[in-house]
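Student: any chance you can model this:
(2 chains)
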Protein chains: 2
Amino acid sequence: MKNNNFTINYPSIFCGTEKSHISFLSGKPDLVSVFNPGQNPENKRRFFVTDATVASLDCMKDFISKFDDDSCGKDVLMILGSGEPYKTIDSVLRIIKKAIDEGFSRNDVFVGIGGGVICDLTSFAASIFKRGASVQFVPTTLLAMIDASIGGKTGCDFENYKNMIGSFFPATDLFYFPEFVQYLPEKQYFSGLGEAFKTALLCDEELVCLFKNESEKIKNRDVEIVDLIIKKCVAAKAQIVEQDFTEKNIRAFLNFGHSFGHALETIVGLGSITHGEAVAWGIGRAIHLSYKKDFCSEAFRNSVFEILQNFGWETKAVPSIVKGGGIGERFLTAMHKDKKNIDDKIRLVLQKNIKDTFIAEVDDTDILNVLK
Amino acid sequence: MKNNNFTINYPSIFCGTEKSHISFLSGKPDLVSVFNPGQNPENKRRFFVTDATVASLDCMKDFISKFDDDSCGKDVLMILGSGEPYKTIDSVLRIIKKAIDEGFSRNDVFVGIGGGVICDLTSFAASIFKRGASVQFVPTTLLAMIDASIGGKTGCDFENYKNMIGSFFPATDLFYFPEFVQYLPEKQYFSGLGEAFKTALLCDEELVCLFKNESEKIKNRDVEIVDLIIKKCVAAKAQIVEQDFTEKNIRAFLNFGHSFGHALETIVGLGSITHGEAVAWGIGRAIHLSYKKDFCSEAFRNSVFEILQNFGWETKAVPSIVKGGGIGERFLTAMHKDKKNIDDKIRLVLQKNIKDTFIAEVDDTDILNVLK
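Tutor: Below is the predicted model of the structure:
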């Protein structure tokens, strides 16, 4: 044959959107004012997805009732079960099936109203529905506000592994009502704080000081301090994802505490422990490993442990929730399946100090050493 | 609150790859030489996906046996069932599950060896596996060489609708053995020709003349003419996807004949008719509608019909494979679910002449008029 090769050049594209617009809205969450169900701006229909817990909140009553009394026009609301056990491909397919049945087009908009699970599921469904419709979020948990809703990571769990399936697909619009944080059960609030503390260690010394010195205000959900935590964390995460959207380098730092944390979630069963709680424990393990390998000082390790303990997060080598034998091996197996690993070695995010973070491939024995 | 808004800017990214490299390889397909199973270039493992039909081809024997006698090293081969009925989310998840079980990382490579179904499934799985690994193709059908393998459309059928779920995710490398075309059953070969004829009408007058004047050589799979068809179609499609990767405008022309064709596939059951056969019938309907609406001349309509009929493709208003009553309504229902529709109107690709194509929203009555 004469012509032996041929090259096709593809343009780079914006997945999902070019920009996420975040609107901070104070006071009681008023979704009716934000969305006006039944009125379709730009002729776009909205496919709202939320979960049973959010749907049952007092402040959601007016919004939900729009779909009961048929004043929602061509908009649709779907209410899924709550929590990590619903973060499945089955939930994603249920969203897509209903959107097909209701005649939605790829020019319509999906809107996730909920925590990280709802945001991740809804945006993953939007990203693969007819090869991509757009998505908006109303994050209702601290965790979703400061983490899940920003930066376009979508997905679901699979075969009991966290976020094994997914895409990069940011939301076009995010509507933040910090007031939602006041509605959270204690465990969910502290889960969000776990991620906030991680962000502080990575990016914001002032925020670390806040965790150290204002712990009572934080624990009591002081409105101003909650607002401050949200804004600081959003700013920090935005800066990272703007620089490294697809996690080729520094975005991987955001996985600080997550290799241990995800493994813990897998071992105890997804949903048995909150994500932030698992991450907080993982931070302790990563810092302890940093210390053991002489990357950080004992003083730094101790100061981090002090904050973790003050917020009630476990710092023991093996969290009390883990039962049975062969614990080290079980962790290794789970950690070897981590998405970040490139070959057989486990890649960990470690710290020398606040804002001094790096990634290292570590030996299995290093991992085992901090799990006993 | 003081700061009421915040914007996060995302970079545009290359999904899957920046370039597809196509290598045309003559002679008997020799996959062992191309891939050297067991030798992992750049430390990347390969996850090969093929189907039972391709795996049973004589020319695949040496390659397949590498996985039987364990000389495949860390590479893995998965053999799926053949044909459209396997183009399901279940097949996609089976690929992902096996890749997880075998410890694949997102730095490894998925390789689809087969027709459009295998290429679409494998690349969709790759695109959502740990949020994206890369993919390569060895297209083994004419259809996959000239269409499915180019341009990054991935996906699977869902709820009996074609390609309802998917992503944009091109392959990095494509290995073309035109010789594979000689192994195709007659129906599969003609299915590819249906798409090739569509491409000809859209982009290449010379190729239309070939269909008109060299039909015997084409039908007999003359090696030179098959090579020419492949190269012309690849060049035409490459030019279109380079200009409009995500189908915001001219790429939609490639759906010529597909609104009717996909509806026909849905109505008779996916897999009951080949894709190209359905498209060829759909071209007839689109041209006839163009003629009825005075967009094209009778002479143009007749010349297209003559070629369709010469290749044995149906030009009747209702193909003989469709049984039962209410045919017009059943087509309308299916066509209203087409991904291309923006609101309630059906969007069709129509032609005034060869290379003179446009998109129009048409009334349901226009559709019904050409289905009886």
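
Student: make it CA atoms for all contacts and neighbour counts henceforth
Tutor: Will do.

Student: okay, buried residues for the lowest-mean-pLDDT helix or strand in chain A please.
Tutor: None of the helices or strands of chain A scores lower by mean pLDDT, DSSP states H and E than strand A:161-165, at a mean of 89. Buried residues in strand A:161-165, defined by neighbour count with 16 or more other C-alpha atoms under 10 Å in any protein chain shown: A:Y161, A:K162, A:N163, A:M164, A:I165.

Student: reformat those as JSON lines; add distance to chain B.
Tutor: Listed next are the buried residues of strand A:161-165 as JSON lines, based on distance: C-alpha to the nearest C-alpha, whole Å:
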{"residue": "A:Y161", "distance to chain B": "9"}
{"residue": "A:K162", "distance to chain B": "10"}
{"residue": "A:N163", "distance to chain B": "7"}
{"residue": "A:M164", "distance to chain B": "5"}
{"residue": "A:I165", "distance to chain B": "5"}
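
Student: would you mind giving those residues as CSV with distance to B:R45 added?
Tutor: Below are the buried residues of strand A:161-165 laid out as CSV (distance: C-alpha to C-alpha, whole Å):
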residue, distance to B:R45
A:Y161, 21
A:K162, 23
A:N163, 22
A:M164, 18
A:I165, 19
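
Student: picking up where we left off before, what's the least confident helix or strand of chain A packed up against?
Tutor: With contacts taken as 3 or more C-alpha pairs under 8 Å, 6 or more residues apart in numbering or on different chains; DSSP states H and E, strand A:161-165 sits against strand A:156-158, helix A:258-268.

Student: now the angle from that strand to helix A:258-268?
Tutor: Between strand A:161-165 and helix A:258-268, the angle comes out at 110 degrees (axes from the mean of the first three to the mean of the last three C-alpha atoms, to 10 degrees).

Student: please tell me how far strand A:161-165 is from the chain's geometric centre.
Tutor: Computed by C-alpha atoms, centre = their mean, to the nearest Å, the chain-centroid distance of strand A:161-165 equals 12 Å.

Student: next one: stretch A:219-237
Tutor: 16 Å.

Student: residues in contact with it?
Tutor: Contact with stretch A:219-237 is made by A:142, A:145-147, A:150-151, A:178-179, A:181-182, A:196, A:199-200, A:203-204, A:207, A:217-218, A:311, as judged by C-alpha atoms under 8 Å, 6 or more residues apart in numbering or on different chains.

Student: make it 7 Å
Tutor: Applying C-alpha atoms under 7 Å, 6 or more residues apart in numbering or on different chains, the external contacts of stretch A:219-237 come out as A:M145, A:I146, A:P178, A:A196, A:T199, A:C203, A:I218.

Student: which parts of that stretch are buried?
Tutor: Of all the residues in stretch A:219-237, those buried under the rule 16+ other C-alpha under 10 Å are A:219, A:225-227, A:229-237.

Student: for those, give me TSV that also has pLDDT.
Tutor: Listed next are the buried residues of stretch A:219-237 as TSV, based on pLDDT from 0 to 100:
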residue	pLDDT
A:K219	98
A:I225	97
A:V226	97
A:D227	96
A:I229	98
A:I230	97
A:K231	96
A:K232	97
A:C233	97
A:V234	96
A:A235	96
A:A236	97
A:K237	97
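
Student: and the most centrally placed residue in chain A, what does it touch?
Tutor: Centroid check for chain A by C-alpha atoms, centre = their mean gives A:A148 as the closest residue, at 3.0 Å. The contact partners of A:A148, by C-alpha under 7 Å, 6+ apart, come to A:G116, A:C119.

Student: neighbouring contacts of stretch A:347-366?
Tutor: For stretch A:347-366, contacts defined as C-alpha under 7 Å, 6+ apart pick out A:201-203, A:205, A:253, A:255-256, A:259, A:286-287, A:290, A:295-296, A:300, A:340-341, A:345-346.

Student: show me where chain A has its strands.
Tutor: Assigned by DSSP state E, the strands in chain A fall at A:5-9, A:19-24, A:46-51, A:76-80, A:109-114, A:134-139, A:156-158, A:161-165, A:173-176, A:346-353, A:356-362.

Student: now for the helices and strands packed on strand A:161-165, which one comes closest to B:V111?
Tutor: strand A:156-158 (21.8 Å; C-alpha to C-alpha).

Student: and that closest one, which strands flank it?
Tutor: Partner strands and pairing direction for strand A:156-158 (DSSP bridges) are strand A:161-165 (antiparallel).

Student: ranking the helices and strands packed on strand A:161-165 by burial, who's on top?
Tutor: Most buried of the helices and strands packed on strand A:161-165 by mean neighbour count (mean count of other C-alpha atoms under 10 Å in any protein chain shown) is helix A:258-268; its value is a mean of 24.

Student: near chain B, which residues of the stretch 151-300 of chain A are found?
Tutor: Applying C-alpha under 7 Å from any C-alpha of the partner chain, one finds that the stretch 151-300 of chain A approaches chain B through A:M164, A:I165, A:G166, A:S167, A:F168, A:A238, A:E242, A:F245.

Student: distance of A:A235 from A:T199?
Tutor: A:A235 sits 10 Å away from A:T199, going by C-alpha to C-alpha, to the nearest Å.

Student: one more: A:I95?
Tutor: A:I95 sits 32 Å away from A:T199, going by C-alpha to C-alpha.

Student: shaky segments in chain A?
Tutor: A:1-3 (pLDDT under 70).

Student: so how many other residues sit close to A:G81?
Tutor: Look at A:G81: counted by other C-alpha atoms under 10 Å in any protein chain shown, it has 14 neighbours.

Student: list the contacts of it.
Tutor: A:G81 touches A:D51, A:A52, counting by C-alpha under 7 Å, 6+ apart.

Student: distance of it from A:R94?
Tutor: Taking C-alpha to C-alpha as the measure, A:G81 falls 12 Å from A:R94.

Student: and for A:E216?
Tutor: Applying C-alpha to C-alpha to A:E216 and A:R94 gives a distance of 42 Å.

Student: what does A:S149 give?
Tutor: Note on A:S149: its distance to A:R94, by C-alpha to C-alpha, is 21 Å.

Student: the two - which one has more neighbours?
Tutor: A:S149 (29 against 15).

Student: how much space between the more buried one and chain B?
Tutor: Distance, A:S149 to chain B, by C-alpha to the nearest C-alpha, to the nearest Å: 11 Å.

Student: what of A:T266?
Tutor: Taking C-alpha to the nearest C-alpha, one finds A:T266 at 14 Å from chain B.

Student: residues contacting that residue?
Tutor: Listed by C-alpha under 7 Å, 6+ apart, the contact partners of A:T266 are A:N160, A:Y161.

Student: next, A:E314: phi, psi?
Tutor: Phi and psi for A:E314, reported as degrees, to the nearest 10, are phi -70, psi 140.

Student: the longest helix anywhere in chain A vs strand B:5-9, what angle?
Tutor: In chain A, assigned by DSSP state H, the helix with the most residues is helix A:223-243. Angle between the axes of helix A:223-243 and strand B:5-9 is 20 degrees (criterion: the same axes, to 10 degrees).
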